[in-house]
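Chemist: Provided below are the primary sequence and the corresponding predicted coordinates.
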Amino acid sequence: MRTGAAAGHHGYYHEALRYGSDDDLLAVVVPFLLGGVDAGEPTFVALGERTGGLVRSALPAGCPVEFLPGGDLYARPAAAIRFYRQLLAEQVAAGAGQIRIIGEVPSASFGATWDWWARYESAINHAYDEFPLWSMCAYDSRITPPAVLADVARTHPRFATPGGRHVPSPTWTPPRDYLRQALPVVPDPLQAQPPAVELTDPTAAEARTAVHKADQGQVPVDDVEDLVVAVSEIVTNALRHGRPPVRLRVWAGDDRIVATVSDAGDGPGDPFCGLLPASDGAPGGLGLWITYQSCNHVTWQRDDDGFTLRLTAGNAYTG
Amino acid sequence: MTSSERRTAPGGHLCWSYDDPESLADQTERHLAASLAAGERFWYVTPRPSDLVAERLRALPGFTDAVRRGAAEVIPLMSTYSPDHVVDPPAQVAAYAGATDEALADGHTGLRVVAEATELVRTPAQLDVFTRYEHLIDRYMRTGPFKAVCAYHRPKLGDRTITELACMHPQTNVEDLLFQLYAVAPDDGHAAIAGELDMSNHELFRTALDRADLRPVDGELILSAADLRFLDHRALTLLAEYAHRRGATAVLRTPRPAAARLVDLLRLPAIRVEVTA
């Protein structure tokens, strides 16, 4: 059974929480969490260190709210979706009628990597909709750039505000529409330089070799291996499902390796591709999902020339 | 490919693809010399005992001398393989095991064979049976003092057939071969897989596994992947399905933890990755 504002709602009740002061944050979060506890609902906090600490000290001692490691959880969007879907499935299997979560995308993601978190915020409307979830995504309006706040408004159906109000977002855009629009992608400064390797229509094996060539020990070996897996998958997808020419470019930076794979086609038709494993066996879906799990940043771009994925191993450029 | 990347591939079973019979003759002469120097008995097995390779061998004083001592011989293909040109894998392994025992009994250190086997793999049915045999004899070679060079005439067989044959050998001169499956010493598990496994050789991998016909022990199929540089989710899935069909768990021993992360990510049943040092 659903309780609170989500009573009677079917599926995912997704809210944004824009707050301008710590008091505003607590004025929404504390009643939200205590309401869950009172109703016997599994109730989770996935905030950063500072905000998580604020909430913890505002809750009564011994309050059965579970704190998740917010920073690690929000390292990669596809990994966060995988984690949450598993958590939600477990809670439902254990008999939960509703699950409450307050979460927060770290502010380090508000720069050049925001594009994939914007896609995350949109995609989860679909990805969590099979669960009786009520969640709030907290954004501190003092430190969140206006462009990010604009995406927050478009990707959340409603806002939670102090006083227990739940206000529809006027610019709410359903995920299938939002994700089809071209999101601005910030170029990595490395891309201003000529690539270390550039190949046209490479085999997957040649593409893997190109990544190994760019590895000068600047990135942990596991991250390089994961990038090799990702580039291999994306080149395989481009060769099988894209349109020639397929171009691979690899840049080697001081603390990262960046690869772009482009083809002259339109890219995947499934707007959730990458963030969710393709449930209907859509072409290339699993490879792109593995790629999203394996890289520290993935961007996708469609333009007149075709479709380009950019993959980063190591410290992604955050702008 | 450097030798360090191929550090664990066992010796003794070489697939030799050739276009020019002269190059096979060169290769055969090298093996004759190495074999005699090692005290082995040497056979050149051919469907045409008067072919160019045989004639060049007979022109060598060292060869004719070795023939007189019982250390070397040109053997007509029919006398070692079954007359209808479809090999019976266990019987053929038994025949070479017997010939190896005989060589040992005659005071040699083992038996080395260069076999021109093109005629045995001309049809798809022949190829299927013979590649199964290649894996069985490969297993015997990990325990018995028997070595073989399997020579195939590429212009007669085509690249696809050559690839299917070469990938069942630990060693080959086929240059663009991306993947191999071969036997290992009994203590090291069921088989080794080496090279790279991706979309381009997915079907080849499936076929090779079927032909190797690996039999689980205690519910496990242990695969050494020390020389496997890459495998993708398709290969892992295929391996898991293969093990599942055989009522076993595939155990992949590899120094590369990326495979373990993929198995974890895909939640593949029937496969376990053991990351080795």
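Modeler: Arrived safely. Numbering: from 1, shown residues only, chains lettered A, B, ... in the order given.
Chemist: so how far is stretch B:248-262 from its chain's centroid?
Modeler: Its chain's C-alpha centre and that of stretch B:248-262 lie 24 Å apart, by CA atoms, centre = their mean, to the nearest Å.
Chemist: what's the span of that stretch, first residue to last?
Modeler: Stretch B:248-262 has an end-to-end distance of 20 Å (criterion: CA to CA, to the nearest Å).
Chemist: what comes into contact with it?
Modeler: Outside of stretch B:248-262, the residues within contact range by CB atoms under 8 Å, 6 or more residues apart in numbering or on different chains are A:222, A:225-226, A:228-229, A:290, A:294, B:189, B:216, B:219-226, B:228-229, B:231-233, B:236, B:239-240, B:242-243, B:270-277. Glycine gets a C-beta too; all of them are placed from N, C-alpha and C.
Chemist: and those, which of them are buried?
Modeler: A:225-226, A:228-229, A:290, A:294, B:189, B:221-226, B:228-229, B:231-233, B:236, B:239-240, B:242-243, B:270-273 (16 or more other CB atoms under 10 Å in any protein chain shown).
Chemist: return the subset of the contacts of stretch B:248-262 lying in strands.
Modeler: Judged by DSSP state E, those include B:220-224, B:228-229, B:231, B:271-275 as members of strands.
Chemist: most widely separated two among those?
Modeler: Greatest spatial distance among the ones in strands among the contacts of stretch B:248-262 (CB to CB): B:Glu220 and B:Arg229, at 23.8 Å.
Chemist: remind me which residues of the stretch 1-150 of chain B are low pLDDT?
Modeler: The stretch 1-150 of chain B contains residues with pLDDT under 70 at B:1-8, B:82-84.
Chemist: strands of the stretch 1-150 of chain B, residue ranges please.
Modeler: Secondary structure of the stretch 1-150 of chain B by DSSP state E, counting those that start in this stretch: the strands cover B:13-18, B:41-46, B:72-76, B:111-116, B:146-153.
Chemist: could I get these as JSON lines with mean neighbour count and distance to chain A?
Modeler: Supplementary listing: the strands of the stretch 1-150 of chain B in JSON lines, determined by neighbours: other CB atoms under 10 Å in any protein chain shown; distance: least, CB to the nearest CB, whole Å:
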{"stretch": "strand B:13-18", "mean neighbour count": "22", "distance to chain A": "20"}
{"stretch": "strand B:41-46", "mean neighbour count": "25", "distance to chain A": "35"}
{"stretch": "strand B:72-76", "mean neighbour count": "17", "distance to chain A": "40"}
{"stretch": "strand B:111-116", "mean neighbour count": "24", "distance to chain A": "31"}
{"stretch": "strand B:146-153", "mean neighbour count": "23", "distance to chain A": "24"}
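Chemist: okay if I get the ones you listed as TSV plus distance to A:Ala138?
Modeler: TSV is the format used below for these (distance: least, CB to CB, whole Å):
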stretch	distance to A:Ala138
strand B:13-18	63
strand B:41-46	77
strand B:72-76	81
strand B:111-116	73
strand B:146-153	67
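Chemist: pull out the buried positions in the worst-scoring helix or strand of chain A on mean pLDDT.
Modeler: The helix or strand of chain A with the poorest confidence is helix A:70-73; it has a mean of 81 (mean pLDDT, DSSP states H and E). Residues A:70, A:73 are the ones in helix A:70-73 that count as buried (16+ other CB under 10 Å).
Chemist: now stretch B:198-207: mean pLDDT?
Modeler: Averaged over stretch B:198-207, pLDDT sits at 97.
Chemist: count of neighbours near the residue nearest to A:Trp289 when sequence neighbours are not counted?
Modeler: Among residues not flanking A:Trp289 along the chain, A:Pro277 sits closest, at 4.5 Å (CB to CB, 6 or more residues apart in numbering or on different chains). When counting by other CB atoms under 10 Å in any protein chain shown, one arrives at 22 neighbours for A:Pro277.
Chemist: would you check that A:Pro277 makes contact with A:Leu286?
Modeler: Yes - under the criterion of CB atoms under 8 Å, A:Pro277 makes contact with A:Leu286 at 5.9 Å.
Chemist: circling back: do the least confident helix or strand of chain A and chain B meet at all?
Modeler: No - with CB under 8 Å from any CB of the partner chain as the criterion, chain B is not reached by helix A:70-73; the gap is at least 15.7 Å.
Chemist: from the contact counts, what lies against that helix?
Modeler: Judged by 3 or more CB pairs under 8 Å, 6 or more residues apart in numbering or on different chains; DSSP states H and E, the packing partners of helix A:70-73 are strand A:43-46, helix A:49-58.
Chemist: okay, the closest residue to A:Ala182 other than its chain neighbours and chain B: tell me how far apart.
Modeler: In this structure, A:Ala182 finds its nearest non-sequential neighbour in A:Arg302, 5.9 Å apart by CB to CB, 6+ apart. To chain B, A:Arg302 is 24 Å away according to CB to the nearest CB, to the nearest Å.
Chemist: which SS state does A:Arg302 fall under?
Modeler: With DSSP: H, G, I helix; E, B strand; the rest coil as the basis, A:Arg302 sits in strand.
Chemist: name all residues that make contact with it.
Modeler: Neighbours of A:Arg302 in contact, by CB under 8 Å, 6+ apart: A:182, A:266-267, A:308.
Chemist: from these, which would you call buried?
Modeler: For the contacts of A:Arg302, a neighbour count by 16+ other CB under 10 Å gives the buried set as A:267, A:308.
Chemist: in strands, which of the contacts of A:Arg302 appear?
Modeler: Those of these lying in strands (DSSP E): A:Thr308.
Chemist: alongside chain B, which residues does the stretch 201-319 of chain A contribute?
Modeler: A:203-205, A:208, A:222, A:225-226, A:228-229, A:232-233, A:236, A:240, A:286-287, A:290, A:293-294.
Chemist: ramachandran angles for the nearest residue to B:Asp19 once chain neighbours are set aside?
Modeler: Closest residue in space to B:Asp19, ignoring its immediate chain neighbours: B:Arg154 at 5.4 Å, by CB to CB, 6+ apart. In terms of degrees, to the nearest 10, the main-chain angles of B:Arg154 are phi -60, psi -40.
Chemist: you'd agree B:Arg154 is up against B:Ile162?
Modeler: Yes - here B:Arg154 reaches B:Ile162: they are 5.4 Å apart, a contact under CB under 8 Å.
Chemist: neighbour count winner among the two?
Modeler: Counted by other CB under 10 Å, B:Arg154 and B:Ile162 do not tie: B:Ile162 has more neighbours, with 20 against 15.
Chemist: any idea how far that one is from chain A?
Modeler: Separation of B:Ile162 from chain A (CB to the nearest CB): 18 Å.
Chemist: where does that residue fall, phi/psi-wise?
Modeler: Main-chain torsions, B:Ile162, degrees, to the nearest 10: phi -60, psi -40.
Chemist: pretty sure it contacts B:Val174?
Modeler: Yes - counting by CB under 8 Å, B:Ile162 touches B:Val174, with 6.2 Å between them.
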